[in-house]
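Undergrad: Sequence first, predicted model second:
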Amino acid sequence: MTASAPQFTRRRGIRTAAAAALALPLTARAATAHAETAHPPTAHPATEPTQEQRRAGGAALRTMSFNLRYASETPPNSWPERRPVTRALLRRERPHLLGTQEGLYAQLQDIAADLGRARYDWLGIGRAGGSRDEFMAIFYDVRRLRPLEYDHFWLSDQPALIGSATWGNTVIRMVTWVRFRDLATGHELYHLNTHLDHRSQPSRERSAALINERLGGLDPALPRLVTGDFNVPAHGNPVHDTLLADGRLVDTWDAAESRSELYGTFHGYRPLVPDGDRIDWILASPGVRVRRASINTFERGGQYPSDHLPVQALIEL
């Protein structure tokens, strides 16, 4: 059994993240100390999993990557119209681990309230710093997962500089990552969540290379999960090739023991495209067992929760 971790608090979280940053290049350490997380984790009791938790939780983790589409007031797909459908989707699926893209601070607060603050918490920072701009927020089921450390880096030549964008992308791009302990099994894992640029292929390729570099700096004994909207099709773009190079990651869709029907994951509120491009992926370490991969087509009365379909993977570490 893994030794108990100390209670996770805002102060301890920032201190732990800063300590982890010492392993990063000097340029990556420069601004980490003053990166304020807009939503630090709530402190939860630091206890080892009970036998009841182990029996109830099982080994499988329900994971999801979901581009939320930022909150807009413009009908017919405004956030007030989409929020009830998003709530119904997430309450039905109850992911243990959810990487989101494009969420704005107030929108993420809505989702946290809809999921239930006693059951879920989240980590993230606005890509322009603090609560500003979009988040790569990570939600997690507090009964199943406990964050041990976390940090953020920006996809640029200055990864520790908040809001930096130097690779031809006019939109700020970043990564949020968390090291978790699975309370049902005692295992640990890393989760990195990102959103690559929608226009610049050079930016996407350099972003993939930087993500690979940072993955290489993590504890090699621990599995890792990478979620995101990569804005390019799987199998057919150097970004996918780079992230899967040398067997460091696998695409959970390819590795799954069973799959749902395939649809293009971006639909733009238009009819779904069977056998379309998967631009939203869940990638995992090769040793992770992928029991099922799915693309979720949930809608209600013709209203989709987002202009992207959530992608899901049921995994065992």
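TA: Noted; the coordinates are in hand.
Undergrad: thought Y263 was touching T297?
TA: Yes - with contact defined as Cβ atoms under 8 Å, Y263 reaches T297; the gap is 6.3 Å. C-beta here means a position set from N, CA and C on the backbone, and glycine is covered the same way.
Undergrad: Settle it for me: which of the two has more neighbours?
TA: Ranked by neighbour count (other Cβ atoms under 10 Å), Y263 and T297 place Y263 first, with 19 against 13.
Undergrad: intersection of neighbour lists for Y263 and T297?
TA: Applying Cβ atoms under 8 Å, 6 or more residues apart in numbering, one finds that Y263 and T297 are jointly contacted by L272, L309.
Undergrad: And the average pLDDT for stretch 96-110 is what?
TA: Averaging pLDDT along stretch 96-110 gives 98.
Undergrad: For that stretch, C-alpha coordinates in CSV please.
TA: Extracted in CSV, the C-alpha atoms of stretch 96-110 (Å, rounded to 0.1, in the frame of the first residue of the first chain):
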residue,chain,number,x,y,z
HIS,A,96,-13.6,10.1,-13.0
LEU,A,97,-11.2,12.3,-15.0
LEU,A,98,-12.2,15.0,-17.5
GLY,A,99,-9.9,17.2,-19.6
THR,A,100,-11.8,20.2,-20.9
GLN,A,101,-10.9,22.8,-23.5
GLU,A,102,-12.2,26.3,-24.2
GLY,A,103,-14.0,26.7,-20.9
LEU,A,104,-14.3,30.2,-19.5
TYR,A,105,-14.1,30.7,-15.8
ALA,A,106,-17.8,31.4,-15.1
GLN,A,107,-18.7,28.4,-17.4
LEU,A,108,-16.4,26.1,-15.5
GLN,A,109,-18.0,27.3,-12.3
ASP,A,110,-21.4,26.3,-13.7
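Undergrad: got the buried residues for it?
TA: 96-105, 107-108, 110 (16 or more other Cβ atoms under 10 Å).
Undergrad: and if you look at stretch 296-313?
TA: N296, Y304, P305, S306, D307, H308, L309, P310, V311, Q312, A313.
Undergrad: need the residues you listed in a markdown table with pLDDT, can you?
TA: Below are the buried residues of stretch 296-313 laid out as a markdown table (pLDDT from 0 to 100):
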| residue | pLDDT |
| --- | --- |
| N296 | 98 |
| Y304 | 98 |
| P305 | 98 |
| S306 | 98 |
| D307 | 98 |
| H308 | 98 |
| L309 | 98 |
| P310 | 98 |
| V311 | 98 |
| Q312 | 98 |
| A313 | 98 |
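Undergrad: just curious, which of the residues you listed is nearest to A208?
TA: V311 (17.9 Å; Cβ to Cβ).
Undergrad: What segments of the stretch 151-300 of the chain are helices?
TA: For the stretch 151-300 of the chain, the helices defined by DSSP state H, counting those that start in this stretch cover 201-216, 238-244, 252-255.
Undergrad: rewinding a little: which of the buried residues of stretch 96-110 fall in strands?
TA: L97, L98, G99, T100, Q101 (DSSP state E).
Undergrad: and the closest residue in space to the second one that isn't next to it in sequence, what does it touch?
TA: Once its chain neighbours are removed from consideration, L98 has its nearest residue in F139; the separation is 4.1 Å (Cβ to Cβ, 6 or more residues apart in numbering). Listed by Cβ under 8 Å, 6+ apart, the contact set of F139 reads P95, L97, L98, T100, I111, A112, L115, Y120, D121, W122.
Undergrad: Out of these, which sit inside helices?
TA: I111, A112, L115 (DSSP state H).
Undergrad: Just checking, which helix or strand of this structure averages the lowest pLDDT?
TA: helix 26-29 (a mean of 33; mean pLDDT, DSSP states H and E).
Undergrad: re the thing from before, and the helices of the stretch 151-300 of the chain: which comes nearest F153?
TA: helix 201-216 (6.6 Å).
Undergrad: That's all I had, so thanks and see you.
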